[in-house]
Each structure stands twice: as structure tokens, then as C-alpha cells.
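Visitor: with the input below, show me the fold.
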Amino acid sequence: MIGILVTCLLQSSSTTTSIIVTMVGAGAIDVRLAIYMVMGSNIGTSVTNTIVAMGQMGDGDELERAFAGATVHDMFNFLSVAIFFPLEVISGFLFYLTQACVEDAQTGEGDKRDGFVKQYIEPLGKLLIIVNKDVTKNVAQGATCSEFYPTVCENPDDPTYDTCTVGLIDCNKDRGDCPALYQVGATQTGDQTSGLVAFIVGITILFICLAGSVTVLQQMLVGAS
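Guide: Below is the predicted model:
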């Protein structure tokens with residue numbers, strides 16, 4: 001249920017799964033619980049294609065075809081969970097499979113690969129806000145967000161990564177500067193408000209991109225027919 005709700009809110013099963021993996025790595029939840037949460041995230045992602053299909057409400061025939069396409073995706077996820085969920089409850093085979101996969105694994109330094117889109121979009125996002133990943137890790141280990149506040153800078157007129165303490169919003173380690181939503185002397189409420197603003201902006205951009213993708217695909221299919 002948690003996986004379903006978070007995915008419905010974020011409109012991204014990949015983001016939800018990344019959060020779950022981080023929480024498992026930090027020891028906040030165990031692998032058994034994470035398996036069920038990932039299943040829930042795959043159910044929650046069905047909401048996205050339903051929203052896209054509803055964008056065709058102006059034409060009854062198009063709406064019918066859009067929902068037919070969305071249903072294919074939905075049924076694939078539903079049937080997958082319907083099969084694997086009871087099997088996991090009864091036998092725990094996914095848990096034991098993960099144990100077998102990492103039994104002889106050795107940790108070490110690895111290469112980090114940025115996708116084609118991320119390498120262009122991430123720098124723009126960091127100009128607005130940067131999430132402090134240490135907060136998630138410390139809270140998972142029993143700390144509280146209030147321990148990071150208030151933020152303090154040696155030079156309030158020129159906040160930098162090396163001279164400022166950070167809360168939920170971090171500064172850029174590579175460039176040394178701080179994003180637009182970083183505030184000197186910020187409180188937890190202030191950072192949460194800034195995060196909400198960034199979230200609303202992100203959701204708005206997401207819906208615009210979804211609508212644009214549907215429009216482009218529609219025009220391509222109409223032209224092909």
C-alpha cells in the first residue's frame with residue numbers, strides 16, 4: 001500500500017523504487033518488506049497512463065482507444081503482482097533469490113553513469129534546489145530533521161558549500177555555490193516550503209510533458225494513417 005500511494009503521488013515508480021533501495025541500504029527497512037513495496041509501486045504506476053488516457057476525453061473514440069492501451073499496461077502489472085505476491089508470501093522465493101544473487105558479492109568503487117537526458121537536466125535542477133541526501137540517511141538511523149537547523153554561513157552574503165551548514169536543501173559540492181531555494185538561517189519549515197514549491201513545479205512540468213508526448217504521438221499516428 002505504501003508503494004502504491006507514493007507512486008501515485010510522485011507519478012514515477014522508478015523514483016519510488018530508488019527511495020526503497022536507499023532505505024534498504026540505510027537499514028530503515030528490510031528486504032522482505034521492500035519486495036512488497038516495489039510490487040505496490042508497480043501497481044501505483046498504472047495511475048499515470050490512466051491520467052494520459054483521460055486527456056482524450058474530447059473525443060469518445062480516441063478516449064476508448066486510449067483506455068484500451070492503458071489497460072494493457074495495467075493488466076500486465078496487476079497480473080504480475082497477482083502471481084508473484086502469493087508466491088512470495090507462501091515461499092519467500094524472491095527474498096531467497098536476492099540472497100543468492102548477492103551471496104558472494106564484494107563492494108567497491110564503481111563507475112557512475114548519467115543518462116543522456118540527466119546530464120542536461122540535472123544541472124538546471126541544481127540551480128533551483130539540491131536535496132541533502134544525508135538527511136534521509138540520518139533520519140532512517142533515528143535522527144530528526146530539526147538537528148540540521150538553523151542553517152549558518154560564515155558569510156551570509158556569499159553562501160558556499162564550504163562555508164555553510166545545510167538542512168534539507170544542500171549546496172553544490174562540485175561548483176561550491178548554493179541553489180536558488182537555499183536560505184541562510186533557514187528553518188525546517190522554510191526548507192519544507194521551498195521543497196513543496198519545487199515539487200509543485202516538477203509535477204506541473206511532468207503533466208506538461210505528458211500532454212505534449214500524447215499530442216506528438218497523436219499527430220504522428222494520424223499522419224501515418
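Visitor: make it CA atoms for all contacts and neighbour counts henceforth
Guide: Fine.
Visitor: can you list the weak-confidence ranges in this protein?
Guide: The model of the chain has pLDDT under 70 over residues 1-12, 55-58, 104-117, 140, 222-225.
Visitor: wait, Phe78 touches Thr45, no?
Guide: No: at 10.8 Å, Phe78 and Thr45 do not qualify as touching, with contact defined as Cα atoms under 8 Å.
Visitor: between these two, who's got more neighbours?
Guide: Thr45 (26 against 16; other Cα atoms under 10 Å).
Visitor: report the distance from the helix or strand hosting Ile203 to the chain centre.
Guide: Using DSSP states H and E, Ile203 falls within helix 188-224. In terms of Cα atoms, centre = their mean, to the nearest Å, the centre of helix 188-224 is found 14 Å from the chain centre.
Visitor: also stretch 171-190?
Guide: Taking Cα atoms, centre = their mean, the mean C-alpha location of stretch 171-190 is offset from the chain mean by 21 Å.
Visitor: and stretch 83-96, by the same measure?
Guide: 26 Å.
Visitor: output that stretch as PDB - backbone C-alpha positions only.
Guide: This file holds the C-alpha atoms of stretch 83-96, laid out as PDB (Å, rounded to 0.1, in the frame of the first residue of the first chain):
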ATOM      1  CA  ILE A  83       1.200 -14.200  -9.500                       C
ATOM      2  CA  PHE A  84       4.300 -13.100  -7.500                       C
ATOM      3  CA  PHE A  85       2.600 -11.800  -4.400                       C
ATOM      4  CA  PRO A  86       1.100 -15.000  -3.200                       C
ATOM      5  CA  LEU A  87       4.200 -17.000  -4.200                       C
ATOM      6  CA  GLU A  88       6.300 -14.600  -2.200                       C
ATOM      7  CA  VAL A  89       4.000 -14.800   0.900                       C
ATOM      8  CA  ILE A  90       4.000 -18.600   0.800                       C
ATOM      9  CA  SER A  91       7.600 -19.400  -0.100                       C
ATOM     10  CA  GLY A  92       9.600 -16.200   0.100                       C
ATOM     11  CA  PHE A  93      11.400 -17.200  -3.100                       C
ATOM     12  CA  LEU A  94      12.100 -13.600  -4.200                       C
ATOM     13  CA  PHE A  95      13.800 -12.900  -0.900                       C
ATOM     14  CA  TYR A  96      15.900 -16.100  -1.100                       C
END
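Visitor: who's in contact with it?
Guide: The contact list for stretch 83-96, computed with Cα atoms under 8 Å, 6 or more residues apart in numbering, reads Val31, Arg32, Ile35, Tyr36, Met39.
Visitor: residues near Val214, how many?
Guide: If you count neighbours by other Cα under 10 Å, Val214 ends up with 17.
Visitor: need the phi and psi values for the closest residue to it other than its chain neighbours.
Guide: Nearest non-adjacent residue to Val214, counting by Cα to Cα, 6 or more residues apart in numbering: Val52, 7.3 Å away. Note on Val52: backbone dihedrals following degrees, to the nearest 10 are phi -60, psi -40.
Visitor: isn't Val52 right up against Cys209?
Guide: No: proximity of Val52 to Cys209 does not meet the contact threshold set by Cα under 8 Å, at 10.6 Å.
Visitor: more neighbours, those two?
Guide: Val52 (18 against 12).
Visitor: ok, that one to Glu62 distance?
Guide: Val52 is 12 Å from Glu62, where distance means Cα to Cα, to the nearest Å.
Visitor: can you show me the CA trace of the host helix or strand of Pro123 as PDB?
Guide: Assessed by DSSP H and E, Pro123 sits inside helix 118-128. These are the backbone C-alpha positions of helix 118-128, laid out as PDB (Å, rounded to 0.1, in the frame of the first residue of the first chain):
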ATOM      1  CA  LYS A 118      20.000  13.600 -17.000                       C
ATOM      2  CA  GLN A 119      23.300  15.200 -17.900                       C
ATOM      3  CA  TYR A 120      21.500  18.200 -19.400                       C
ATOM      4  CA  ILE A 121      18.500  18.400 -17.000                       C
ATOM      5  CA  GLU A 122      20.300  17.800 -13.700                       C
ATOM      6  CA  PRO A 123      22.500  20.900 -13.800                       C
ATOM      7  CA  LEU A 124      19.400  23.000 -14.400                       C
ATOM      8  CA  GLY A 125      17.600  21.400 -11.500                       C
ATOM      9  CA  LYS A 126      20.600  22.000  -9.200                       C
ATOM     10  CA  LEU A 127      20.300  25.700  -9.900                       C
ATOM     11  CA  LEU A 128      16.900  25.600  -8.200                       C
END
